[in-house]
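Asks: this is the structure alone, sequence omitted:
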């Protein structure tokens with residue numbers, strides 16, 4: 001009965017994490033470039049429990065289930081035109097590298113760019129693009145080509161000035177990236193190291209200026225997953241309730 005109680009509780013805790021993840025996905029359905037997350041579960045059985053099971057003994061160290069990891073679904077979302085030169089999206093696979101305040105490198109799927117006080121192109125959250133593209137103070141326009149070339153135009157008729165080139169980063173396992181919030185991700189041991197690529201080469205996506213990527217959250221799929229998680233949580237709750245009642249009956253028999 002203790003084993004059943006533990007199974008029920010661990011199952012409820014795991015399904016609560018699943019429900020929280022689904023709620024987070026649904027809340028961000030309209031957030032540009034948002035990527036849905038998926039909770040992965042793992043059966044738990046420690047070595048003591050395994051030995052007890054092999055010897056045919058009653059389990060004194062019960063098994064259960066726990067959250068193993070939270071992975072991201074990087075299926076590209078649809079691109080929506082905005083007409084703004086400061087909006088940028090990635091049409092396909094890849095990430096834009098940005099410099100984080102602690103000196104590390106973050107990775108984003110694009111969004112609305114801004115120029116900081118020095119004219120350096122940054123994300124709306126204030127993270128400079130690692131390419132360190134700096135707009136001249138008298139620039140009248142910004143152009144970003146699909147292959148990553150960035151140039152500025154001027155109102156006085158001067159020729160456009162090339163400012164630099166953006167690269168895209170690829171990972172062996174992008175689903176294993178860690179989240180730093182605000183649509184910025186970090187490399188992990190499971191994701192592998194970032195590989196710099198020229199946009200549009202070797203299957204890497206291209207840059208789309210004047211577009212924003214929609215969230216890849218499908219409401220119908222999320223609602224189905226939510227109903228399944230709620231049902232599993234309810235079953236775990238009933239298992240806990242039944243175990244509690246049985247233990248109460250056992251205690252009464254001993255009196």
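Replies: Perfect, I can see it now. This structure is a prediction, so every number in the text was calculated from the model and none was measured.

Asks: tell me the contacts of the residue nearest the centre of the chain?
Replies: The centre of the chain sits closest to residue 72, judged by CA atoms, centre = their mean, with a distance of 4.1 Å. Residues in contact with residue 72 (CB atoms under 8 Å, 6 or more residues apart in numbering) are 35, 36, 37, 38, 174, 175, 177, 179, 185. (Each C-beta comes from the backbone N, C-alpha and C, glycine too.)

Asks: how about residue 222?
Replies: Counting by CB under 8 Å, 6+ apart, residue 222 has contacts 22, 25, 26, 36.

Asks: state the phi and psi torsions of residue 248.
Replies: phi -60, psi -40 (degrees, to the nearest 10).

Asks: what about it, how many residues nearby?
Replies: By other CB atoms under 10 Å, the residues close to residue 248 number 10.

Asks: please apply the same query to the one 3 residues further on.
Replies: Counted by other CB under 10 Å, the residues lying close to residue 251 total 9.

Asks: of all the contacts of residue 72, the one with the weakest confidence?
Replies: pLDDT across the contacts of residue 72 is lowest for residue 38, at 86.

Asks: return the set of residues that bridge with that one.
Replies: Per DSSP bridges, the residues bridged to residue 38 are residue 71.

Asks: that one against residue 75, yeah?
Replies: No. With contact defined as CB atoms under 8 Å, residue 38 does not count as touching residue 75 (11.2 Å).

Asks: tell me which of these two has more neighbours.
Replies: Of the pair residue 38 and residue 75, residue 38 is the one with more neighbours under other CB under 10 Å, namely 15 against 10.

Asks: how near is that one to residue 71?
Replies: For residue 38, the distance to residue 71 equals 5 Å [CB to CB, to the nearest Å].

Asks: same question for residue 23.
Replies: 17 Å.

Asks: the more surrounded of these two?
Replies: residue 71 (18 against 12).

Asks: report pLDDT for the more buried one.
Replies: So residue 71 comes in at 85 (pLDDT).

Asks: residue 243 too?
Replies: Confidence score, pLDDT, at residue 243: 76.

Asks: how about residue 74?
Replies: At residue 74, the pLDDT value in this model is 90.

Asks: where do the strands of the stretch 151-255 of the chain begin and end?
Replies: 161-165, 168-170, 178-181, 184-186, 195-197, 206-209, 211-213 (DSSP state E, counting those that start in this stretch).

Asks: mean pLDDT lowest for which of the ones you listed?
Replies: When the strands of the stretch 151-255 of the chain are ranked by mean pLDDT, strand 178-181 comes last with a mean of 88.

Asks: need the strands of the stretch 151-255 of the chain in CSV with mean neighbour count and distance to residue 30, can you?
Replies: Conversion of the strands of the stretch 151-255 of the chain to CSV gives the following (neighbours: other CB atoms under 10 Å; distance: least, CB to CB, whole Å):
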stretch, mean neighbour count, distance to residue 30
strand 161-165, 15, 32
strand 168-170, 22, 25
strand 178-181, 13, 17
strand 184-186, 19, 19
strand 195-197, 15, 30
strand 206-209, 20, 19
strand 211-213, 22, 11
